[in-house]
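Asks: Here's a sequence, model it:
(2 chains)
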Amino acid sequence: MNNLAKRIIPCLDIRNGRTVKGVNFVDIRDAGDPAELAQRYSQQGADELVFLDITASHEKRKLLKQLVETVAARINIPFTVGGGVSELADADVLLSAGADKVSVNSAAILRPALVDELAQQFGSQFVVVAIDARLENGQWQVYRNGGRIPVGRELFDYAREMQERGAGEILWTSMNHDGTQGGFANEALAQLNSLLKIPLIASGGAGKMDHFADAFRKGNADAALAASVFHYNTIPIPVLKTYLKEQGVIVR
Amino acid sequence: MNIAIIKYNAGNIKSVSNALQQLGVNHAITDNADEIRASDKVIFPGVGEASTTMAYLKSKNLDLLIRELKQPVLGICLGMQLMCSYSEEGDTLCLGIFDQPVKRFAGDLKIPHMGWNSLAETRKPLLADLPEHSFVYFVHSYYVPACRDAAAITYYGIPFSAALQKDNFFATQFHPEKSGDTGAQILKNFLSL
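Replies: Presented below is the predicted three-dimensional model:
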């Protein structure tokens, strides 16, 4: 018997301490303020939040630390920060500032031992490995640098390696599905999930409520992440939770 | 009211501090024995590995101190596990406040048990005023079996103790400081003991 709930995770893109994508809540004062948005999502029943920092300036580390401190002071659900971690010191700053987990993507591809080091230093539960992959000629090819550079690795093999190195969770984005709003990569999710002993977060393709149900029932994902359907309030989280409950999916 | 959060080499102390801040409760993060003894309530948080954490507590004489506290004490996550008698993690003798073992999840389950899971068989006072089957946030690979000191039961393959209470000692395997409104209620319950 297992009552562990499937998680719904809004993702926020951050640049220079502000959220990038427009956000369409009715009564929000400042749609660019990550802490205010985080609080809103938390109140709506989001199970967790992911902040993806895409700042490219020298101020990056300082800005991200401030952001994490502000968010941590305002919400009481877990949150992950990614986009700024390429060495142990980066993770230390974020976790000390109050982040619950850090996610690594390109840095883990360029130097896989980073994942071992993070897991040893902080524990596996703090380490999310994010992977972008695209289906090409029947194989899921891993990309780095926001999906711009192919790395010559196959998704399933790479994800398993990351698990062995100490990743606590895998956050997989299907580049074929991302932005299409046509549903998650359920078949590949199910395949990947069957190979993993750690939780799997589905990302890429959310457009309708039944896409989430499918990611959980067909894709066997432990969590589903989405951005625009939540930012633009196309799918309000409380409505989604009610729908999933009716579909027999265990949610909080 | 004075609340002491025991300061030691563990993660998530800041999260607990933030949660108390959100509840408007004054608190100190301290490893000073006199300050801890003099406080009205003590919170013993923790994320980390059992054997290294126990060794650290011993080196600071915090192990004896925690055991002898008379005011309400709340252990969280690893804090709860260390309040038990023995942990399979690192083959560790713990504080022995709760006469229970700490075991590692086995079988086909994904480990760690991570995410929101629901509470059953909740007991007052720690888990008073909660809706039935409230969800709380867990992250752990080891568990305390269901037992007579359980203040709540959660199912993950097997039933385990999601919370414990005995005399002035209370503990949660989940993180109330990360469990939204439900967690805030549980912290309030503890603070109003």
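
Asks: can we go C-alpha only for contacts and neighbour counts from here?
Replies: Noted.

Asks: With only the CA atoms kept, save the helix or strand hosting A:Glu161 in CSV.
Replies: Per DSSP states H and E, A:Glu161 falls inside helix A:155-165. This file holds the C-alpha atoms of helix A:155-165, laid out as CSV (Å, rounded to 0.1, in the frame of the first residue of the first chain):
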residue,chain,number,x,y,z
LEU,A,155,19.0,9.4,-22.4
PHE,A,156,18.3,6.1,-20.6
ASP,A,157,22.0,5.2,-20.3
TYR,A,158,22.9,8.7,-19.1
ALA,A,159,20.0,8.9,-16.6
ARG,A,160,21.1,5.5,-15.1
GLU,A,161,24.6,6.8,-14.8
MET,A,162,23.4,9.9,-13.0
GLN,A,163,21.4,7.6,-10.6
GLU,A,164,24.5,5.5,-9.9
ARG,A,165,26.5,8.7,-9.2
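
Asks: Which elements pack onto the helix or strand following that helix?
Replies: Using DSSP H and E, the helix or strand that follows helix A:155-165 towards the C-terminus is strand A:169-174. For strand A:169-174, the packing partners by 3 or more Cα pairs under 8 Å, 6 or more residues apart in numbering or on different chains; DSSP states H and E come out as strand A:127-136, helix A:155-165, strand A:200-203.

Asks: Run through who's touching the last one.
Replies: Contacts with strand A:200-203, where a contact means Cα atoms under 8 Å, 6 or more residues apart in numbering or on different chains, come from A:169-174, A:178, A:184, A:189, A:193, A:215, A:221-226.

Asks: sorry, back to before: how about the helices and strands packed on strand A:169-174, which one is nearest A:Met209?
Replies: strand A:200-203 (14.1 Å; Cα to Cα).

Asks: contacting residues for B:Ala128?
Replies: B:122, B:186, B:189.

Asks: Please repeat the previous calculation with a cut-off of 6 Å.
Replies: Contacts for B:Ala128 (Cα atoms under 6 Å, 6 or more residues apart in numbering or on different chains) come out as none.

Asks: Please report how far it lies from B:Leu187.
Replies: 11 Å (Cα to Cα, to the nearest Å).

Asks: which stretches of the chain form helices?
Replies: Let's take chain A. A:34-44, A:60-74, A:88-97, A:106-110, A:113-122, A:155-165, A:186-195, A:209-217, A:228-231, A:237-246 (DSSP state H).

Asks: that answer is for a different chain, and I need it for chain B
Replies: B:13-22, B:33-38, B:50-59, B:62-67, B:78-82, B:180-191.

Asks: Would you tell me which residues of chain B are close to chain A?
Replies: Neighbours of chain A within chain B, by Cα under 6 Å from any Cα of the partner chain: B:18, B:110, B:116-117, B:135, B:155-157, B:178-180.

Asks: Quick one: buried ones out of the residues you listed?
Replies: B:18, B:110, B:116-117, B:135, B:155-156, B:178-180 (16 or more other Cα atoms under 10 Å in any protein chain shown).

Asks: And the residues of chain B next to chain A, which two are furthest apart?
Replies: B:Asn18 and B:Gly157 (32.3 Å).

Asks: ok, for A:Ala133, nearest residue in space, not its chain neighbours?
Replies: Once flanking residues are discounted, A:Ala133 sits nearest to A:Val142: 4.3 Å by Cα to Cα, 6 or more residues apart in numbering or on different chains.

Asks: and the spatially closest residue to A:Leu195 that is not a sequence neighbour, how many residues sit next to it?
Replies: Using Cα to Cα, 6+ apart and skipping residues adjacent in sequence, the residue nearest A:Leu195 is A:Arg160, 7.2 Å away. When neighbours are defined as other Cα atoms under 10 Å in any protein chain shown, A:Arg160 has 17 of them.

Asks: How about the contacts made by the spatially most central residue of chain B?
Replies: In chain B, the residue lying closest to the centroid (Cα atoms, centre = their mean) is B:Ile76, at 2.0 Å. Each residue near B:Ile76 by Cα under 6 Å, 6+ apart is listed here: B:45, B:171-173.

Asks: at 8 Å instead, please
Replies: By Cα under 8 Å, 6+ apart, the residues touching B:Ile76 are B:43-46, B:171-176.

Asks: And B:Glu177, by the same measure?
Replies: Going by Cα under 8 Å, 6+ apart, the list of residues near B:Glu177 reads A:76-77, B:15-16, B:18-19, B:183-184, B:187.

Asks: Near chain B, which residues of chain A are found?
Replies: Proximity of chain A to chain B, by Cα under 8 Å from any Cα of the partner chain, involves residues A:1-7, A:42, A:47, A:72-78, A:96-98, A:100, A:122-123, A:125, A:168, A:197-199, A:252.

Asks: Give me the buried subset of these.
Replies: A:3-7, A:42, A:47, A:72-78, A:96-98, A:100, A:122-123, A:125, A:168, A:197-199, A:252.

Asks: Residue ranges in chain A under the pLDDT threshold?
Replies: A:1, A:22-27 (pLDDT under 70).

Asks: try it again with 90
Replies: A:1-3, A:15-33, A:54-63, A:83-84, A:95-96, A:120-125, A:146-147, A:228, A:231-233 (pLDDT under 90).

Asks: Compute the distance between the residue of chain B most remote from its centre and A:Ser194, please.
Replies: Within chain B, the residue lying farthest from the chain centre (Cα atoms, centre = their mean) is B:Asp108, at 26.0 Å. According to Cα to Cα, B:Asp108 and A:Ser194 sit 11 Å apart.

Asks: before we move on, what about A:Ala223?
Replies: A:Ala223 is 15 Å from A:Ser194, by Cα to Cα.

Asks: which strand is the longest one in chain B?
Replies: Counting residues, the longest strand found in chain B (DSSP state E) is strand B:158-166.

Asks: Contacts for that strand, please.
Replies: With Cα under 8 Å, 6+ apart as the test, strand B:158-166 has contacts from A:1-2, B:80, B:98, B:119, B:126, B:143-147, B:149-154, B:170-174.

Asks: returning to what we had before: so which of the helices of chain A comes closest to A:Val20?
Replies: Judging the helices of chain A by Cα to Cα, what sits closest to A:Val20 is helix A:34-44, at 9.4 Å.
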